[in-house]
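A.B. asks: Quick one, fold the following:
(one chain, ligands or ions: 2)
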Amino acid sequence: MERDVMYSRRLVVTGAGVAAGAALLGQNAWGQAQSETRERTAEAEVSAAEELMRQHAVAGRLLLIYDKAAGPESGSAKPSAKALVSTAEMIRSNVDEHHMKLEEESVFPLFQKSGTMADLITVLREQHTAARGLNEVILRAAEKGESTSTESLTRDLRAYTRMLAAHTAYEETVLYPQLRTVVSPQEYERMETTLREADRKKLGREGFAGLVAKVAELESTAGITGLAQFTARVGSERTAMGTPTR
Ligand SMILES: [Fe+2]
Ligand SMILES: [Fe+2]
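C.D. replies: Ligands and ions are numbered 1, 2, ... in the order given. Down below sits the predicted model:
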């Protein structure tokens, strides 16, 4: 049956097999196949670099919660230990065990094979190891219900956030722009397919939008109400309003 569905998806893409596909699958399965085809087409429009960068962006959203836990602005409560546990678990699942694993298995080897950026790759791998270890320490502390004001937890949250900010910035400005130059077009295409398939499997039917919705929900439980609260106060506005309380 799965082979039939796959066959019919291809017919939809070519636009040549609508009647044949509907007859083969029945209307319900046909509708599902059409829907999945639309999802596949949308995913196919994301390049490998875009795929990796939007994974960084999700990490960045989660790190807003770590940042708030490490030192919220005056008048703002720290996220609860429960919210911090959920954040650490999402980072482990989406960053440590998914994004970093993809880089280690499908991206870094391409650079190593071509003999370029060896020193950078070494540092990036070391930081993946450090990030995994540090996030587990943060998770264990949060699971114990430790106050997010403990000195060691605050230090670990800041260290993780700082390292990931630098790490992702270097990957996006130095590594990813060279992706196409270190491999043949065929190798690049294979890598891109691997990333897309892994992401599709990880995200399921809800896709990237579903993941972002989950992150937004988590932000909300951590007391983050949206982008506007991060707008900096400038000059006289800061003086007139005193210390920001958001
Ligand atoms: Fe990385
Ligand atoms: Fe990365």
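
A.B. asks: how about the nearest residue to the residue positioned nearest the centre of the chain, chain neighbours excluded?
C.D. replies: In the chain, the C-alpha nearest the mean C-alpha coordinate belongs to residue 55, at 2.6 Å (C-alpha atoms, centre = their mean). Among residues not flanking residue 55 along the chain, residue 99 sits closest, at 4.3 Å (C-beta to C-beta, 6 or more residues apart in numbering). Glycine gets a C-beta too; all of them are placed from N, C-alpha and C.

A.B. asks: Does that neighbour touch residue 54 like I think?
C.D. replies: No - when contacts are counted by C-beta atoms under 8 Å, residue 99 is not listed as touching residue 54 (9.9 Å).

A.B. asks: residues of the helix or strand harbouring residue 58 that come out buried?
C.D. replies: Secondary structure assigned from DSSP states H and E places residue 58 in helix 48-70. For helix 48-70, burial by neighbour count (16 or more other C-beta atoms under 10 Å) applies to 48-49, 51-52, 54-56, 58-59, 61-70.

A.B. asks: before we move on, back to that, measure how buried the residue nearest to residue 55 is and give me the count.
C.D. replies: Using other C-beta atoms under 10 Å, residue 99 is surrounded by 25 other residues.

A.B. asks: Relative to residue 110, how far out is it?
C.D. replies: 16 Å (C-beta to C-beta, to the nearest Å).

A.B. asks: before we move on, what about residue 138?
C.D. replies: Distance from residue 138 to residue 110, by C-beta to C-beta: 31 Å.

A.B. asks: Need the contact partners of stretch 99-108.
C.D. replies: Stretch 99-108 has contacts (C-beta atoms under 8 Å, 6 or more residues apart in numbering) with 52, 55-56, 59, 121, 124-125, 128, 131-132, 171, 175, 179, 191, 194-195, 198.

A.B. asks: So which of the residues you listed are in strands?
C.D. replies: Nothing among these maps onto strands, per DSSP state E.
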